[in-house]
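Asks: output the structure for:
(chains A and B)
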Amino acid sequence: MFLLKKNLAAVIIVLITIISSSQPAFAKKVEEFVLSNGLKIIAMEEHKAPTVTFQVWYKVGSRNEATGKTGLSHLLEHLMFKGTTKYGKGEFSKIVAKNGGNENAFTSRDYTAYFEVFSSDRINLSLDLESDRMTNLLIDEKEFQLERNVVKEERRLRTEDEPTSLVVEELYAMAFKVHPYHSPVIGWMSDIDSITRNDLYSHYKKYYVPNNATIVVVGDFDTKTLIPKIKEHFEKLPKGEAPVKINIKEPEQLGERRTTLHKEAQLPFVFIGYHTPSIGNKDEFALEVISNILSAGKSSRLYQDIVYEKQLALYAGGDYGRIAADPSLFYFYGGLKPGKTTKELEDALYAEIEKLKTAPVTDRELQKSKNQVEASFIFAQDSIFYQAMQIGQIETIGIGYKYLDAYVDNIRRVTKDDIMRVAKTYFTEKNRTVGILIPVKQNGKGQ
Amino acid sequence: MKKLRILFTLIIILFLNISFLNTVTAEEAPKRVVLKNGIVLLLQERRSIPTVVFNIKIKAGSIYEPDELAGLANLTAGLLTEGTKTRSSKQISEEIDFVGGSISASANSDYAAASLSILKKDLNLGLDLLSDILMNPAFNEKEVERERSQTLASIINQKDEPGAIASKAFSKILYLKHPYSRPSEGLEDTLPKIKKEDLINFHRKYYRPNNIIMAVVGDIALDEAVSLIEKYFGKWEKAKVSLPKIPSPPKLTNKNVEIIDKDLTQATIHLGHVGISRKNPDFYTLIVMNYILGGGGFSSRLVEDIRDNQGLAYSVSSGFDAGLYEGPFKVTMQTKNENASKAISAILKHIEDIRISPVKDNEINDAKSYIVGSFPLRLDTNSKMAGLLSLIELYDLGLNYFTEYPKKINAVTREDILKAAKKYLDPKNYLLVVVAKQKEAGIAK
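Replies: Next comes the predicted model:
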């Protein structure tokens, strides 16, 4: 039971997109079914190994949370393992483990997803367990209190004692003034404290309805026999009221925003975000290629210039958080080496950005980037889980899995002019937010 | 590829409990061949996707470097991809990135490792690069300086990670003069002492074909692999390699507490002592015992008590790190400073309990059915399979491992567990390392 932190989520999302989206993924037959209660099922047979992954994706994440109640979706995800009318606390995980399966769940800004991976003959367990907790969750007051403490420990571990995470959190809070991407998925500490058992239960009742969920099943099964079984378990669940669509637009940013964070740390860290359109926009493919040219492999521009040649940073990169329900950020980051200043790193990053705007990328860079996308995709076919995850994400943010069919072709079409135009459009000073970690030494002790 | 490496790291972090079943029972058994110059080749043919993965292990880990040059093994491995006699660092990365492949090298305590992932159609290019970096590294001065400064910066950066701080202190105190006491990336005062000649000598001494394990998985048959490896590695000459003998690590004879005061909201707790080597025949019993104690995902005693029933921690786990020598047994967790002492008592109580009372029938049954049932999940991808094959050879476990493993797990009894718990767990003579804000944590010395 974990959440995708904003920065990690974005990195993962970008990478997973890179590695598993293109025509051949769906050279295999993908079938789509919608039950009478609105539950969508997407099934893809893949018989290379006797295993199946079964995933349930709910269209709810921190994007659906109100001020003062952030972290609700993630806390609910934890409670989903704490007992239903049919299975007691912890029984879910025990049953899965006893059957040699693995399971977990994750929450992001746009979705909450649950999954199991089983040997093919155990797939019925998923149908029973997941259909049960789609409607029969209990949320016991005592369990809620305990799990709230667990989540607070999770926040301490991932954020409070992790200076770079704090900078990322600050930056999103500053870049998004209006849109709920302002708040972290795990929630602000005081919000986690103020959430009640009833808040969670209403959230559950509102969003965990079949017509707000998608089942994605990938692996070694026979669609013709599996679908009737899924129907048998899930079609009897009552359709709920369709959750109200979130329609919040972040206004255009009209000037650079900067934030600094002083915290005990060894080395400074720089994080820079530019508002960019999300998936479905015509510029997304050029932005994706830019991300590759900047960061994919040791021959990429940021590694070569900043880490290798100038030796300013221990690590540096630029990633595009494109798989999101609403427009998010293209972000640059770097962790400094001792003796270097954040200004030097910022300047070096801006110089690389200027280069994208003023000089065309080389033919070889463009070709390399396209080759990397294609090769990564082939490597990713080793895993049924990634393929299911890819489908689940794209579906849940409202784009539809068919988008993936044309992905590699769309990347192939990106031109040098597209890259220059897109860099000029989005990577502007007034559109950027800058976050800087300034290390404070413990007890005034210097490095 | 940097990006892919980030991906794999993240996947490991985030999907710790995920893996996938595969066709191990259905597919042909892996093959083992010793080539003319001594390379041990292990091969698993898998034709489902047009890729090939190479996982290479070299008995050239940091246990073989002198104390005063700690970091030598890792620096040697790290520099393999940073230039050869005919290619610059940038040429290597440019060539491999252009075809969307990846090549990397690093070292830990027990071994150095190199890996190659590549599309089948680019295999010749991949092997040209792989053989070049292993056989002809240049150790160019400029690259040595750059890699050294990168490693030093990374050591400094780790001082912000409570888990890394605790782990390093734990090994240092527990292993004293044993090489497991040192982090494989080296130390701030030893790295500057490493000279170009040290790197060249270490490479010459240990990077020999007869000291190499090469596991290959993917779209390739044995005869094709053998002829390609002979083509690219055939000129690599055999030489006598004598691996230094390392004495067993010392055992603790009392309780040892180390508190590292830092301005944090949480206390990071590492508690344990010296464990076992991978060759220890009780390994399988301890796998089952540890699953019940704290290794079993969401179902262990430690998780059930400390996380589920007391709400003290997000993660708590125990494990034996069994290597060429006796690695540590360790329980790790984080909890807010104020709860540290309570959590430590709970950990000790569970270690004590499993030594006193036999585990319950349902506990051992559930543990065995998970460990055996999920075994194929550990071999699902080509790179996981290649990693496991090379370790099987390194630890001399034999290729019947795939059939023996479930049998050995299934044979474990409650009595075995009780006996092993008494023998290998020690709730009296242990090391406790806590990284915390001591003013709030108030750990008793």
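Asks: show me the contacts for whichever residue of chain A sits closest to chain B.
Replies: Per C-beta to the nearest C-beta, A:Gly100 is where chain A lies closest to chain B, at 1.9 Å. Using the backbone N, CA and C atoms, a C-beta is placed for each residue, glycine as well. Counting by C-beta atoms under 8 Å, 6 or more residues apart in numbering or on different chains, A:Gly100 touches A:118-119, A:122, B:369-370, B:372-374, B:377.
Asks: what does B:Pro192 give?
Replies: By C-beta under 8 Å, 6+ apart, the contact set of B:Pro192 is B:Arg148.
Asks: in the stretch 251-400 of chain B, which residue sits closest to chain A?
Replies: B:Gly373 (1.9 Å).
Asks: any stretches of chain B with poor pLDDT?
Replies: Applying pLDDT under 70 to chain B flags residues B:1-26.
Asks: quick check: closest non-adjacent residue to residue 179.
Replies: All of this is about chain A. A:Glu250 (4.1 Å; C-beta to C-beta, 6 or more residues apart in numbering or on different chains).
Asks: right idea, wrong chain: chain B
Replies: Using C-beta to C-beta, 6+ apart and skipping residues adjacent in sequence, the residue nearest B:Pro179 is B:Ile63, 4.1 Å away.
Asks: what is the burial count for the one you found?
Replies: Neighbourhood size, B:Ile63 [other C-beta atoms under 10 Å in any protein chain shown]: 22.
Asks: just checking, it touches B:Gly327?
Replies: No - judged on C-beta atoms under 8 Å, B:Ile63 makes no contact with B:Gly327 at a distance of 11.1 Å.
Asks: between these two, what contacts are shared?
Replies: Shared contacts of B:Ile63 and B:Gly327, defined by C-beta under 8 Å, 6+ apart, are found at B:Tyr180.
Asks: ok so, going back, and the residue nearest to A:His179, helix, strand or coil?
Replies: At A:Glu250 the chain is in coil, as set by DSSP: H, G, I helix; E, B strand; the rest coil.
Asks: quick one, phi psi at it?
Replies: The phi/psi pair for A:Glu250 (degrees, to the nearest 10) reads phi -70, psi 120.
Asks: I'd like the distance between it and A:Asn431.
Replies: To A:Asn431, A:Glu250 is 11 Å away according to C-beta to C-beta, to the nearest Å.
Asks: which one of these two has more residues nearby?
Replies: The residue with more neighbours, out of A:Glu250 and A:Asn431 and counting by other C-beta under 10 Å, is A:Asn431; that gives 21 against 17.
Asks: about what we covered before: state the distance from the residue nearest to B:Pro179 to chain A.
Replies: 27 Å (C-beta to the nearest C-beta, to the nearest Å).
Asks: check contacts around that residue.
Replies: B:Ile63 makes contact with B:109-110, B:179-180, B:244, B:246, B:324-325, according to C-beta under 8 Å, 6+ apart.
Asks: so which residues of the stretch 151-300 of chain A form helices?
Replies: Using DSSP state H, counting those that start in this stretch, the helices of the stretch 151-300 of chain A run over A:163-175, A:189-194, A:197-207, A:223-234, A:284-295.
Asks: return the first one as CSV; C-alpha atoms alone will do.
Replies: Extracted C-alpha coordinates of helix A:163-175, given in CSV (Å, rounded to 0.1, in the frame of the first residue of the first chain):
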residue,chain,number,x,y,z
PRO,A,163,14.5,17.5,2.0
THR,A,164,14.2,17.0,-1.8
SER,A,165,10.6,15.8,-1.5
LEU,A,166,9.8,18.9,0.5
VAL,A,167,11.0,21.1,-2.3
VAL,A,168,9.0,19.2,-4.9
GLU,A,169,5.9,19.5,-2.6
GLU,A,170,6.5,23.3,-2.2
LEU,A,171,7.0,23.8,-5.9
TYR,A,172,3.7,22.1,-6.9
ALA,A,173,1.9,24.1,-4.2
MET,A,174,3.3,27.3,-5.7
ALA,A,175,2.9,26.4,-9.4
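Asks: quick check: residues of the stretch 51-200 of chain A near chain B?
Replies: Counting by C-beta under 8 Å from any C-beta of the partner chain, the stretch 51-200 of chain A comes close to chain B at A:51, A:53, A:81, A:89-90, A:93-94, A:97-104, A:106, A:115, A:117-120, A:145-154, A:156-157, A:160-163.
Asks: wait, A:Gly297 touches B:Ser93, no?
Replies: Yes - if you go by C-beta under 8 Å, A:Gly297 and B:Ser93 touch, sitting 6.1 Å apart.
Asks: can you name the residues in contact with stretch B:416-427?
Replies: Contacting residues not belonging to stretch B:416-427 are listed as B:252, B:273, B:275-276, B:282, B:285-286, B:288-289, B:292, B:320, B:329, B:348, B:351-352, B:354-355, B:357-359, B:364 [C-beta under 8 Å, 6+ apart].
Asks: circling back: how is the residue of chain A closest to chain B assigned, secondary-structure-wise?
Replies: Secondary structure for A:Gly100, judged by three-state DSSP, is coil.
Asks: and if you look at the one 10 residues further on?
Replies: Here A:Asp110 is coil, with the state taken from three-state DSSP.
Asks: ok, the one 4 residues further on next?
Replies: Judged by three-state DSSP, the three-state class of A:Tyr114 is strand.
Asks: what about the closest residue to it other than its chain neighbours, which SS state?
Replies: Using C-beta to C-beta, 6+ apart and skipping residues adjacent in sequence, the residue nearest A:Tyr114 is A:Ala105, 4.5 Å away. For A:Ala105, the assignment made with three-state DSSP gives strand.
Asks: these two touch, right, A:Ala105 and A:Glu77?
Replies: Yes - with contact defined as C-beta under 8 Å, A:Ala105 reaches A:Glu77; the gap is 5.1 Å.
Asks: for those two, indicate the residue with more neighbours.
Replies: Between A:Ala105 and A:Glu77, counted using other C-beta under 10 Å, A:Glu77 has the larger neighbour count: 25 against 18.
Asks: looks to me like that one is in a strand.
Replies: No - counting by three-state DSSP, A:Glu77 falls outside a strand, being helix.
Asks: got the residues of the stretch 201-350 of chain A near chain B?
Replies: Residues of the stretch 201-350 of chain A found near chain B (C-beta under 8 Å from any C-beta) are A:264-267, A:292, A:295-300, A:303-304, A:307-308, A:311, A:314-315, A:317, A:335, A:337-338.
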